[in-house]
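Q: heads up, no residue letters with this:
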């Protein structure tokens, strides 16, 4: 059985950042780029709580799907199973550097959000009360202040 490409990344050396995880071509010929929005250092920092990731998922997806320039290219935003970040899938052959502004805007939105989390009702979500807005806000602010504000090449390209 062929190994999944993302399982070949040395997670012991992986830093927080914005990485191209993969590119796929759809049957219609469109290219989809999956980004690894890595918010904590795997196996070296505490992972995000599922509740924080769930709140972040609702907020980021709402923001991205309403973004004036990007909304038509947004396919998906969702948490990683390992709870160290999120995946963003965008239409187009894109590189990490091309979306850092979008990630900055998204994290600014999450970190400063006040009020009711969009879609956090029993009618709209299958686990609506399983959210921690304050933890999502803190995680987004930390990522902005410590990673996005001062990106280096090692935060944009997977370690070899």
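A: It's in. Being a predicted model, the structure only gives us computed values, none of them experimental.
Q: partners of residue 24 in the sheet?
A: Taking DSSP bridges as the rule, residue 24 bridges to residue 32.
Q: Look up how far residue 96 lies from it.
A: 17 Å (C-beta to C-beta, to the nearest Å). All C-beta atoms are positioned from the backbone trio N, CA, C, and that covers glycine.
Q: Mind checking which of these two has more residues around it?
A: Using other C-beta atoms under 10 Å, the more surrounded residue of residue 24 and residue 96 is residue 96, with 22 against 10.
Q: Who are the contact partners of the residue nearest to the more buried one when sequence neighbours are not counted?
A: Nearest residue to residue 96, sequence neighbours excluded (C-beta to C-beta, 6 or more residues apart in numbering): residue 156, at 4.2 Å. With contact taken as C-beta atoms under 8 Å, 6 or more residues apart in numbering, residue 156 is in contact with 17, 18, 19, 95, 96, 97, 100.
Q: List just the nearest of the residues you listed to residue 131.
A: residue 18 (24.0 Å; C-beta to C-beta).
Q: quick one, what contacts the closest residue to that closest one other than its chain neighbours?
A: Excluding the flanking residues, the one nearest residue 18 by C-beta to C-beta, 6+ apart is residue 96, at 4.6 Å. Contacts for residue 96 (C-beta under 8 Å, 6+ apart) come out as 17, 18, 19, 20, 35, 156, 157.
Q: Now do the third one, the pLDDT please.
A: The pLDDT attached to residue 19 in the predicted structure is 97.
Q: Provide the secondary structure category for it.
A: Assigned with DSSP: H, G, I helix; E, B strand; the rest coil, residue 19 falls in the strand class.
Q: Pretty sure it sits against residue 42.
A: No: the pair residue 19 / residue 42 is not scored as a contact, 12.0 Å apart, by C-beta atoms under 8 Å.
Q: element containing the most centrally placed residue in the chain?
A: Centroid check for the chain by C-alpha atoms, centre = their mean gives residue 86 as the closest residue, at 3.3 Å. Residue 86 belongs to strand 85-91 when elements are defined using DSSP states H and E.
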